[in-house]
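>>> Sharing a model prediction with you, sequence too.
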Amino acid sequence: MQSSADLIVVGAGIVGLAHAIEARRRGLSVRVIDRDERAVGASIRNFGHCCLSAQPDEHDELVRASREGWLATAAESGLPVRTDGGLVVARSAAQLAVLEEFVAARPDRGRLLSAGAAAGLLTGGERELPGLVGAVALTQDLRVDPRTTVARLADWLAGTGVPIDWRTACLGAADGMVRTTRGELRAERVIVCVGHDVDLLWPEVADQVELQRCALQMALVEPPLGLSTHAAVLTATSMLRYGGLAAMPAAEAVRAEVTGQAPGLVEMVANVMFAPRPDGSLLVGDSHRYAVSQDPFLDEGISDRLLAEIAMVLGVDRLRVRQRWQGVYASSPQSDLLVRHLDPRTSVVSVTSGVGMTLSFGLARRVLDELGT
């Protein structure tokens, strides 16, 4: 198997496909390889939420470029991308203070809503939501269906003449040569986007950034009665995880509130949130556990607690689970992003936090600009 291209992308998850799409947009010939027969990793195990509005200020350029990239790709490919992407709900005065500070600091990224308006968005005006005191609509956020988006983009790319070699694992890459389980490939440039599996190819790179796998407990639940929103819905724990919200002065009061009232959520490193799929079912979660190698076992106590928290936000007695699974993504305590140019023709790129869907297109633009392509 010998072939040549301007660019070989290793990995057909969302980060790899974003690089392939951006390179194709620049007129490069591109080839993609992936070890599986279809995407089965981090890119389909998430909420499908591009949380652009709540990123820290340091990611402003990436946020702008990524949003442009998603919308341009949607226009070219026909991929459904919703622009009413995010809603953060407040259930206490401290939480509302964070949202008010956020909107005052970044009016381009959020719109403050009253409790009644937020309940109207969530339930179509059918009922009140006990405990809700307000919300912010995240005006830059986007939403896609994670179960279908990567497959649709891969099919579209292949239809435009970009070869995608499935079931073709990378064994190593250097100086424009990629060794695979089906032979050697050559290119002017190689970009390796294999997420947390960087440590299987270049353990020394993984060690330098203290790369780990973050495992998440998630579930798919039946559509709750009366839910009408298409947005991903974030809660108090989200205010402590997303940099743009966590940077607000009032966030410390929320941290103390959550720690005092719900220490179990702190212990499981929870981000209590949910996001609708096109059929109305909800992707719900999630907890976070960090290790180089993850145990595959799910803790039913964690699942029960997450489901109870979300049921409380929705004002329902219980949620009926269709599926449970373990999400996974690359994580580094040093940075949200890993970009290493191993030699003049070989680069490793990974999102080392839970924002791969969010920053993928902006990161692809930045990397290709750095390479002068």
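All right, it came through fine. Residues are numbered from 1 along each chain as shown.

>>> As a check, name the ranges of all strands in the stretch 251-373 of the chain.
Along the stretch 251-373 of the chain, the stretches classed as strands by DSSP state E, counting those that start in this stretch are 273-276, 282-285, 289-291, 321-331, 337-343, 346-351.

>>> can you put the ones you listed in JSON lines and add distance to Thr180 and mean pLDDT?
Using the backbone N, CA and C atoms, a C-beta is placed for each residue, glycine as well. As requested, these are arranged in JSON lines below (distance: least, CB to CB, whole Å; pLDDT from 0 to 100):
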{"stretch": "strand 273-276", "distance to Thr180": "35", "mean pLDDT": "96"}
{"stretch": "strand 282-285", "distance to Thr180": "33", "mean pLDDT": "96"}
{"stretch": "strand 289-291", "distance to Thr180": "29", "mean pLDDT": "97"}
{"stretch": "strand 321-331", "distance to Thr180": "22", "mean pLDDT": "96"}
{"stretch": "strand 337-343", "distance to Thr180": "17", "mean pLDDT": "97"}
{"stretch": "strand 346-351", "distance to Thr180": "14", "mean pLDDT": "98"}
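
>>> between these, which one is nearest to Leu96?
Leu96 sits nearest to strand 273-276 of all the strands of the stretch 251-373 of the chain, at 17.6 Å, using CB to CB.

>>> for the chain, where's the lowest mean pLDDT among helices and strands?
Least confident helix or strand of the chain, by mean pLDDT, DSSP states H and E, is helix 115-123 with a mean of 89.

>>> what angle separates the helix or strand just after it from helix 115-123?
Taking DSSP states H and E as the definition, the helix or strand that follows helix 115-123 towards the C-terminus is strand 134-138. Relative orientation of strand 134-138 and helix 115-123, computed by axes from the mean of the first three to the mean of the last three CA atoms, to 10 degrees: 60 degrees.

>>> Sheet-wise, list the partners of strand 134-138 with their directions.
Strand pairing for strand 134-138, determined by DSSP bridges: strand 86-90 (antiparallel), strand 110-113 (antiparallel).

>>> now it, how far from the centre of its chain.
Put simply, strand 134-138 sits 20 Å off its chain's centre (CA atoms, centre = their mean, to the nearest Å).

>>> about what we covered before: just send the strands of the stretch 251-373 of the chain back as JSON lines, with distance to Leu112 too.
Formatted as JSON lines, the entries for these read as follows, by distance: least, CB to CB, whole Å:
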{"stretch": "strand 273-276", "distance to Leu112": "19"}
{"stretch": "strand 282-285", "distance to Leu112": "25"}
{"stretch": "strand 289-291", "distance to Leu112": "34"}
{"stretch": "strand 321-331", "distance to Leu112": "31"}
{"stretch": "strand 337-343", "distance to Leu112": "31"}
{"stretch": "strand 346-351", "distance to Leu112": "30"}
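
>>> nearest to Arg38, of those?
For these, the distance to Arg38 is smallest for strand 321-331, at 15.7 Å, taking CB to CB.

>>> Run the angle between that closest one and strand 346-351 for me.
With the same axes, to 10 degrees as the criterion, the two stretches strand 321-331 and strand 346-351 enclose an angle of 130 degrees.

>>> partner strands of strand 321-331, parallel or antiparallel?
Applying DSSP bridges to the sheet, strand 321-331 is found paired with strand 212-221 (antiparallel).

>>> which residues touch the partner strand?
Counting by CB atoms under 8 Å, 6 or more residues apart in numbering, strand 212-221 makes contact with 45, 196, 277, 281-295, 298-299, 302-303, 306-307, 319-332, 354, all of which sit outside it.

>>> Direction included, what does the helix or strand following it pair against?
Scanning the chain past strand 212-221 towards its C-terminal end, the next helix or strand to appear is strand 232-234 (assignment: DSSP H and E). Partner strands and pairing direction for strand 232-234 (DSSP bridges) are strand 86-90 (parallel), strand 273-276 (antiparallel).
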